[in-house]
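Peer 1: have a look at this prediction, sequence included:
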Amino acid sequence: MDRKRMVNEKSKDEQLETVREDPESEFLTTNQGVRVSDTDISLKAGERGPTLLEDFHFREKLTHFDHERIPERVVHARGSGAHGFFQVYEPMTEYTGAKFLQDPNKKTPIFVRFSTVVGFRGSADTVRDVRGFAVKFYTEDGNYDLVGNNIPIFFIQDAIKFPDVVHAIKPEQDNQIPQASAAHDTFWDFVACHPETAHMIMWVLSDRALPRSYRMMQGFGVNTFRFVNAEGKGRFVKFHWKPLLGIHSLVWDETQKIAGKDPDFNRRDLWEAIEMGDYPEYEFGVQILEEEDEFKFDFDILDPTKVWPEEDVPVKWIGKLTLNRNPDNFFAETEQVAFCPANVVPGIDFSNDPLLQGRLFSYLDTQLIRLGGPNFHEIPINRPLAPIANNQREGYNRTTINKGKTSYFPNSVGENLPRPASAEEDGYVHYMEKVEGKKIRARSEKFKDFYSQAKLFWNSMSKPEKEHIIEAFHFEVGKVKDKKIRQAVVDVFNNVDGDLAIEIAKGVGVPAPAQKGGSPVTKESPNLSQERSEHTVKNTIKTRKIAILAAEGYDHKDLSQVMQALKAGGANVHIISKYQGMLKSSKGEEIEVDKNYRTTASVLYDAVYVPGGKESIETLKMQGDAIHFVNEAFKHCKPVGASGEGVKLLKAANLPGIKLAGQESSDQVVSDKGVVTIKKEGGSSSFNESFTAAIAKHRHWDREKKEQVPA
Ligand code: HDD
């Protein structure tokens, strides 16, 4: 008897279709299916009389509403989901028996949920935080969950400390302040008391914690797992996701402003990209380590606060994930989806990483309270495509109607079924690792090196990235009220890099360490840096959002040809003006305004362009909003372009240290630190090329005088 079902790209969608309801095709009914004749006025004893208990529709409607909330996730409460599929590039038979990693023609359905960690369900998207990157693969062998983050390491080494770190970082227990932020006393006290956090803190204070988009961030399995092939040979692995659009971040000032202007920024970005057919794609990578190499490194490969530097263990890119469908219902899918790192399929196994070992317990446990009992695997989004057959019965919300007499094994009444499967029949057989040791509460010696990789990370950063980390320390630790904690943090980071500690101290009002310290590590690993990483794509403007500022009397030819060039490169372009509606060009053509200054802001765009048109520019020069738009984009190191009269708006904005088109011949493009200008109006392919190249770079950090801009 073969328990297999064929799985293809559509299988999950088809399964979900069986429970979808189309609201438009039905009369309004109660939950008992009785058609309702009035849902606006409750049943009363007389027009002005009391409401009657017998109004079953009223009672059902309110009762249901009263019970509509379930507990939010204790961490990762705010998230956004999407459907898609996964395809492997070539058979991975040598390394793993996992079926979904064998056939390049097979598309395995997946559901992904991206999340922030600390904030409540309604908190803003763009806070400084780790992002969750959880993928559920609906494989023919059952569900496989890869529950990762966008940072490859973790705060702590042992799961027993998870409640402590989460309590410390969440809003403080007496007053529930602050929301979705690590910038408070209890968290930094935790850091100072736990130097094992040093490496993770470097990542969390880096640009990694401010992703421009879920579509532009990496993902990591973090823990060490195992691949096991059909012969039973095991190898250690670490998992990676790499976005095909490159790895890009926001800047801190921008994230704070976006949190007010559009708290759904990342959620909206993901939703809109999928709606527009700009399907996010990520390559799947594995670092594979032979068992005999387990002790070859100066770190312990089971320590989740350490990376395996890509220079030492290269990433093998083995497949691709595509997100191509938005959920139909946020609650049913994104809220009720339940991930668990213990959900593995034959060919994938665990390591003794002590953080992972605890995770294997915690997720199922948390779902029991969050989703109200042990039957949450029956919720459609969680239901595997592989058939379920076991003797587990009953419990809250059981929907399966198990037929037959028996609910135990072995049995003679029910033909001894369902029975365990052998390895040949795809039964999951745990990897037979030899383990011996005393029962002991201890960690291995190499776990105690807390600083070498924090220093490796610091060494690998570009200059602007280092500056951002220092500024982040100034913000986060500067908000700590207790001076002792601020000092203790400086002292911890003096073990990483003495100069860094001096810089932190300078910003947070405590003395630099008496003795300059630091880890002796001099090595660099460029792929740890977003700016230096070979994974950071800087040759496409696909899906970038570009603002065009214009007013009545704009130059239509100028605007249209730049807009067309940007659209041809795959960018999304918005016309922005004081009022929505139609704008008239200098020659009478018309164009529709997408947003006005009240409904948008420069922080919601990747670049800004100002076309010519004398009258339009005269108007814009008198609008503080337009000048501010340009200034703010400039300050956030975004590409800024202008042509013809448009250059005059940039002049009025007073961009410090920037050369604009002026003296040159009219068709010469002037490109200075991402500010691209040309005197001529009406189109130039060389302008389009330079501006496109500037946008593809995403940010231009070399604007040394940007601090002078009052935005
Ligand atoms: Fe966790 C949720 C990722 C350590 C306990 N975790 C959760 C989610 C992600 C991660 C992405 C959200 C899943 C979703 O979208 O529903 N967690 C990680 C990573 C970790 C990690 C990459 C480090 C390697 N987590 C970790 C530890 C524990 C937990 C050490 C406990 C011992 N995590 C949980 C949890 C959550 C959770 C309490 C909250 C909601 C849920 O599980 O479903 O069980």
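Peer 2: In hand now; what should we look at? Keep in mind that this is a model prediction, so the values were computed, not measured.

Peer 1: count of neighbours near the closest residue to the ligand within the stretch 201-350 of the chain?
Peer 2: In the stretch 201-350 of the chain, no residue comes nearer to the ligand than residue 222, which is 3.5 Å away by Cβ to the nearest ligand atom. C-beta: built from backbone N, CA, C; applies to glycine. By other Cβ atoms under 10 Å, 25 other residues sit near residue 222.

Peer 1: residue numbers of the chain in contact with the ligand?
Peer 2: Proximity of the chain to the ligand is confined to 73-76, 79, 113, 115, 132, 134, 147-149, 154, 159, 162, 222-223, 304, 337-339, 355, 358-359, 362-363, 366-367 under the rule Cβ under 6 Å from any ligand atom.

Peer 1: filter the residues you listed to the buried ones?
Peer 2: Buried members of those, counted by 16 or more other Cβ atoms under 10 Å: 73, 75-76, 79, 113, 115, 132, 134, 147-149, 154, 159, 162, 222-223, 304, 337-339, 355, 358-359, 362-363, 366-367.

Peer 1: looking at the residues you listed, which are in helices?
Peer 2: Residues of those located in helices (DSSP state H): 162, 355, 358, 359, 362, 363, 366, 367.

Peer 1: what sits against the fourth one?
Peer 2: Residues touching residue 359, when contacts are defined by Cβ atoms under 8 Å, 6 or more residues apart in numbering, comprise 147, 159, 223, 341, 342.

Peer 1: ditto for the second one
Peer 2: Contacts for residue 355 were tallied using Cβ under 8 Å, 6+ apart; they are 154, 156, 157, 158, 159, 162, 222, 223, 304.

Peer 1: separation between the closest residue to residue 540 other than its chain neighbours and residue 505?
Peer 2: With Cβ to Cβ, 6 or more residues apart in numbering as the criterion, residue 540 has its nearest non-adjacent residue at 5.8 Å, and that residue is residue 696. Distance, residue 696 to residue 505, by Cβ to Cβ, to the nearest Å: 38 Å.

Peer 1: which one of the two has more residues nearby?
Peer 2: Between residue 696 and residue 505, counted using other Cβ under 10 Å, the more crowded position is residue 505 (22 against 19).

Peer 1: what does stretch 526-539 rub up against?
Peer 2: 206-208, 218, 242, 244-249, 307, 309-311, 456-457, 460-462, 464-465, 696-698, 701.

Peer 1: how about the helices in the stretch 201-350 of the chain?
Peer 2: 252-261, 265-275 (DSSP state H, counting those that start in this stretch).

Peer 1: please identify the buried residues of the first one?
Peer 2: For helix 252-261, the neighbour count (16+ other Cβ under 10 Å) marks 252, 254, 255, 256, 257, 258, 259, 261 as buried.

Peer 1: isn't the second one right up against residue 601?
Peer 2: No - the criterion here is Cβ atoms under 8 Å, and residue 254 misses it with residue 601 at 9.6 Å.

Peer 1: so where does the residue in the stretch 451-600 of the chain that the ligand sits nearest to fall, helix or strand?
Peer 2: For the stretch 451-600 of the chain and the ligand, the shortest gap (Cβ to the nearest ligand atom) falls at residue 453, measuring 15.4 Å. For residue 453, the host element (DSSP states H and E) is helix 452-460.

Peer 1: what's next to that helix, contact-wise?
Peer 2: 153, 198-199, 201-203, 206, 298-299, 305-307, 309, 466, 469, 496-497, 500, 518-519, 521-529, 532.

Peer 1: stretch 373-382 too?
Peer 2: Against stretch 373-382 from outside (Cβ under 8 Å, 6+ apart): 15-16, 19, 111, 136, 143, 332-333, 336-338, 367-368, 371, 383-384, 388, 392, 395-400.
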